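Visitor: Structure for this input, please:
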Amino acid sequence: MVGVAGQAARGSDRDGRHGVTTQGTAPPTVYDVASAAGVSIATVSRVLRTPDAVREGTRDRVQAAIRSLGYVPSGNARALAGRRTGVVGLLLPGFDVVPDERPDVVTDGGVRIVDDRRHVTQPTSSNLYFDEVLRGAETEAWQRGLALMVAAGRGPSRDVIVNDVAGRVDGLAVLAQTVPDELLEHVARRIPVVVLADDRRSRGFDSISVDNAAGMRTLAAHVIGRLGIRSIAYVAGPVDSPDDQERTAGFKRALEDHGLASAAVRTVHGDFGRVRARELARTLLDERVPRAIVCSNDQSALGVLDAVLARGLRVPDDVVVTGFDGIDAGRYSVPRLTTVHQPMGDLGRAAVRAIVDRLDRRDGPPRAVRLPVEVLLRESCPPSL
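Guide: Got it, this is the predicted structure:
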């Protein structure tokens, strides 16, 4: 990340004690850093982008000069010089703000006192999943000497946000269904676009996904085949989610494999959120208590656990509950949640790698990476009953 502005003024324009530019003078440039450290501007660039690739002594001199001069790399100048910004983008869905509905608020000396005993904090939609994807992308970008720009938006502002981010980054990773294909095709004329959680090669995009169908088929086969459960309810996600479509297909394959008709399974569609799943589970339990409730993601499964346990039923003795994703919350639920673990962090890392690979090799057909999953049997659905 190197700025390439012209040589800055010297002498009285600087604070002699610290070498810091005073107000009203030109900021230090990469040339200033190179001169102060006694190296080339190419070496300064390597220190800024891939410091581990530079010898320790040289790296220390350059970093000392950067600190002494107060140098900050200029993204705009870097883009003009090298046609790269050193920044990759990650676009995630925007979320509506959840209102604070906690009851019985009183004040004491200006400090709120809230009766929080019955309030369940609800992470909106699947943002725990996105947290892991973001962490992986951030780690990979950092290790490659890149910065990560994260943006979120929905509704009328979405197109403006996408175009704004695309103009500031070298490549963009986007969650499937977040942005219309037509807008992505427009962006892809300028920079590489990678789609997460769906295979979009048919639309010309590189893509990173996980084996949703195989994971759900394997988990459902354990519930039906190994545990011998035939009374099942299925809590699906949004009908337009590529992840949910693949997981539902895997679930149906498991039913076919074991001679169980899809019509025999009560299926309801949620929104991948805990609150909605809790509501759906209450309805299912009112109609008839199934022996197992298979969920298309972990947050839905946690909502189902809430409803089942509130009804006084035991898990897994009365009802088996399973999820999909492998978020940390499932490791600490009571009982702990059986799930299909997908490598969410690896999704983010693979997205950044795909962008970098495409920057280095702009030609060639779209590529798809499909990451493996694993079934984690825990107390909510053990190896045997």
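Visitor: okay, CA-based contacts and neighbour counts for the rest of this
Guide: OK.
Visitor: in the stretch 151-300 of the chain, which spans are helices?
Guide: Counting by DSSP state H, counting those that start in this stretch, residue ranges of the helices within the stretch 151-300 of the chain are 158-166, 181-188, 212-221, 242-257, 274-287, 298-310.
Visitor: Nearest to G204, out of these?
Guide: Ranking the helices of the stretch 151-300 of the chain by proximity to G204 (Cα to Cα) places helix 181-188 first, at 8.0 Å.
Visitor: Quick check: mean pLDDT of the closest one?
Guide: Averaged over helix 181-188, pLDDT sits at 86.
Visitor: on that earlier part again, ranking the helices of the stretch 151-300 of the chain by mean pLDDT, which is last?
Guide: Among the helices of the stretch 151-300 of the chain, helix 158-166 scores lowest, with a mean of 78.
Visitor: can you list contacts of that helix?
Guide: When contacts are defined by Cα atoms under 8 Å, 6 or more residues apart in numbering, helix 158-166 is touched by residues G89, L91, M149, A151, A152, G153, L172, V179, L183, V187, I191.
Visitor: Now stretch 300-307: buried residues?
Guide: S300, A301, L302, G303, V304, L305, D306, A307 (16 or more other Cα atoms under 10 Å).
Visitor: how about TSV for those, with distance to E374 added?
Guide: What follows is the buried residues of stretch 300-307, written out as TSV (distance: Cα to Cα, whole Å):
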residue	distance to E374
S300	19
A301	17
L302	19
G303	22
V304	22
L305	22
D306	25
A307	27
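Visitor: Can you name the two of those residues that sit furthest apart?
Guide: The distance between the two most remote of these (Cα to Cα) is 10.9 Å, for S300 and A307.
Visitor: which residues do these two both contact?
Guide: R278.
Visitor: In CSV: the helices of the stretch 151-300 of the chain, plus distance to R367.
Guide: Output for these, formatted as CSV (distance: least, Cα to Cα, whole Å):
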stretch, distance to R367
helix 158-166, 21
helix 181-188, 14
helix 212-221, 18
helix 242-257, 18
helix 274-287, 34
helix 298-310, 29
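Visitor: mind listing what A350 touches?
Guide: A350 sits next to A137, I208 when contact means Cα under 8 Å, 6+ apart.
Visitor: okay, and for this structure, where does confidence drop off?
Guide: Along the chain, the parts satisfying pLDDT under 70 run over 1-25, 73-83, 94-108, 114-127, 153-158, 202.
Visitor: Can you show me the strands along it?
Guide: Secondary structure of the chain (DSSP state E): strands at 87-93, 105-108, 111-114, 147-153, 171-175, 193-196, 206-210, 232-236, 266-269, 292-295, 320-322, 339-341, 368-371, 374-376.
Visitor: Most tightly packed of these?
Guide: Mean neighbour count (mean count of other Cα atoms under 10 Å) peaks for strand 320-322 among the strands of the chain, with a mean of 30.
Visitor: Just the residues contacting that strand, thanks.
Guide: 291-295, 298, 301, 304-305, 315, 337-339, 380-381.
Visitor: just curious, which of the buried residues of stretch 300-307 is nearest to G259?
Guide: Looking across the buried residues of stretch 300-307 and measuring by Cα to Cα, the closest to G259 is A301, at 25.1 Å.
Visitor: show me what contacts that closest one?
Guide: Under the criterion of Cα under 8 Å, 6+ apart, the neighbours of A301 are R274, A277, V294, C295, V321, T322, G323, L337.
Visitor: could you redo the last one with a cut-off of 7 Å?
Guide: Neighbouring residues of A301 by Cα atoms under 7 Å, 6 or more residues apart in numbering: C295, V321, T322, G323.
Visitor: need the contact list for the first one.
Guide: So the one you mean is C295. The contact partners of C295, by Cα under 7 Å, 6+ apart, come to Y234, V235, A236, A301, T322, G323, F324.
Visitor: Now do the second one against V321, distance only.
Guide: Taking Cα to Cα, to the nearest Å as the measure, V235 and V321 are separated by 10 Å.
Visitor: hey, what's in contact with both of the two?
Guide: Jointly contacting V235 and V321 under the rule Cα under 7 Å, 6+ apart are V294.
Visitor: And the helices of the stretch 151-300 of the chain: which comes nearest V39?
Guide: It's helix 158-166; of the helices of the stretch 151-300 of the chain, that one is closest to V39 (Cα to Cα) at 33.7 Å.
Visitor: And the closest one, how far out from the chain middle?
Guide: 18 Å (Cα atoms, centre = their mean, to the nearest Å).
Visitor: Taking strand 147-153 as reference, get the angle to it.
Guide: Here the directions of helix 158-166 and strand 147-153 differ by 170 degrees (axes from the mean of the first three to the mean of the last three Cα atoms, to 10 degrees).
Visitor: what comes up buried for helix 158-166?
Guide: R158, D159, I161, V162, V165, A166.
Visitor: do the same with stretch 311-330
Guide: Residues V315, P316, V319, V320, V321, T322, G323, F324, D325, G326, I327, G330 are the ones in stretch 311-330 that count as buried (16+ other Cα under 10 Å).
Visitor: Need the max-distance pair from those residues.
Guide: Farthest pair in these, by Cα to Cα: V319 and I327, 21.3 Å.
Visitor: Quick one: residues contacting A249.
Guide: Counting by Cα under 7 Å, 6+ apart, A249 touches A213.
Visitor: Can you tell me how far V88 is from R288?
Guide: 50 Å.
Visitor: To clarify, my last question referred to P28.
Guide: Per Cα to Cα, P28 is found 72 Å from R288.
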